[in-house]
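Participant: have a look; sequence and predicted model below, questions after that.
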Amino acid sequence: METWSDTLIEHKGQTVRIDGVAFASIGRLKLLTILQERARAVGVEPLYQNHIGGVEALEDADLVVAADGAGSIIRRHYASEFGTTIRNLSNRFAWFGTTKPFDALTQSFVETEQGRFNAHHYRYAKDMSTFLVEVDEKNVLAQWNG
């Protein structure tokens, strides 16, 4: 697990460091392994690849970990209790892994003739980082159709 207390914003050739924005990251597979081991250590056997059509199927469960994304039946069913609001936007994302060890959670904003891009990048292990590129749909479609 990696932690730091600052964020970098890169824009128009300048880098601004914002201190006091605590952030922690861990590799997804590492986190899943830790959670699975802990569950088993306390007598819980995780179940996988079980399609749940509605929350009624979960009535007898002692614990539910809802990791089913934006279309979550749990989130939808309990929207008012959770205070959930969902608004779909048109941005597109590409998610990469890299061995480049970024210094901090960084947001890099770049404008090119192909459009505006925002890269989010940060370390999640000593030797691995996440590098996520975001672009608005209009520019993606123009490139694919052009």
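Facilitator: Yep, that arrived. Numbering: from 1, shown residues only.
Participant: make it CA atoms for all contacts and neighbour counts henceforth
Facilitator: Noted.
Participant: assumed Glu37 was part of a helix.
Facilitator: Yes - counting by DSSP: H, G, I helix; E, B strand; the rest coil, Glu37 is found in a helix.
Participant: residues near it, how many?
Facilitator: When neighbours are counted by other C-alpha atoms under 10 Å, Glu37 registers 14.
Participant: burial check on Gly20, number of neighbours?
Facilitator: Gly20, neighbours per other C-alpha under 10 Å, totals 10.
Participant: name the SS class of it, please.
Facilitator: Applying three-state DSSP: Gly20 is strand.
Participant: my guess is it contacts Asp6. True?
Facilitator: Yes - using C-alpha atoms under 8 Å, Gly20 is in contact with Asp6, at 5.5 Å.
Participant: who touches both of the two?
Facilitator: Residues within reach of Gly20 and of Asp6 at once, by C-alpha atoms under 8 Å, 6 or more residues apart in numbering: there are none.
Participant: which parts of the protein are strands?
Facilitator: For the chain, applying DSSP state E gives strands covering 2-11, 14-25, 92-98, 105-112, 115-125, 128-135.
Participant: and the first one, which residues are buried?
Facilitator: Yep, that's strand 2-11 we're talking about. Thr3, Trp4, Asp6, Thr7, Leu8, Glu10 (16 or more other C-alpha atoms under 10 Å).
Participant: so what's the fifth one scoring on pLDDT?
Facilitator: Reported pLDDT at Leu8 in the predicted model: 91.
Participant: then stretch 96-110 to PDB, C-alphas only?
Facilitator: Coordinates of each C-alpha in stretch 96-110 appear next as PDB, following Å, rounded to 0.1, in the frame of the first residue of the first chain:
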ATOM      1  CA  PHE A  96      -3.300   1.600 -17.700                       C
ATOM      2  CA  GLY A  97      -0.700   0.100 -15.400                       C
ATOM      3  CA  THR A  98       2.900   1.300 -15.600                       C
ATOM      4  CA  THR A  99       6.200   0.600 -13.800                       C
ATOM      5  CA  LYS A 100       6.900   4.400 -13.500                       C
ATOM      6  CA  PRO A 101       6.900   5.300  -9.800                       C
ATOM      7  CA  PHE A 102       4.900   8.600  -9.700                       C
ATOM      8  CA  ASP A 103       5.800  10.900  -6.800                       C
ATOM      9  CA  ALA A 104       2.200  11.600  -5.700                       C
ATOM     10  CA  LEU A 105      -1.400  11.500  -6.900                       C
ATOM     11  CA  THR A 106      -1.200  13.700  -9.900                       C
ATOM     12  CA  GLN A 107      -3.700  15.300 -12.300                       C
ATOM     13  CA  SER A 108      -2.200  16.300 -15.600                       C
ATOM     14  CA  PHE A 109      -4.300  18.500 -17.900                       C
ATOM     15  CA  VAL A 110      -3.100  18.600 -21.600                       C
END
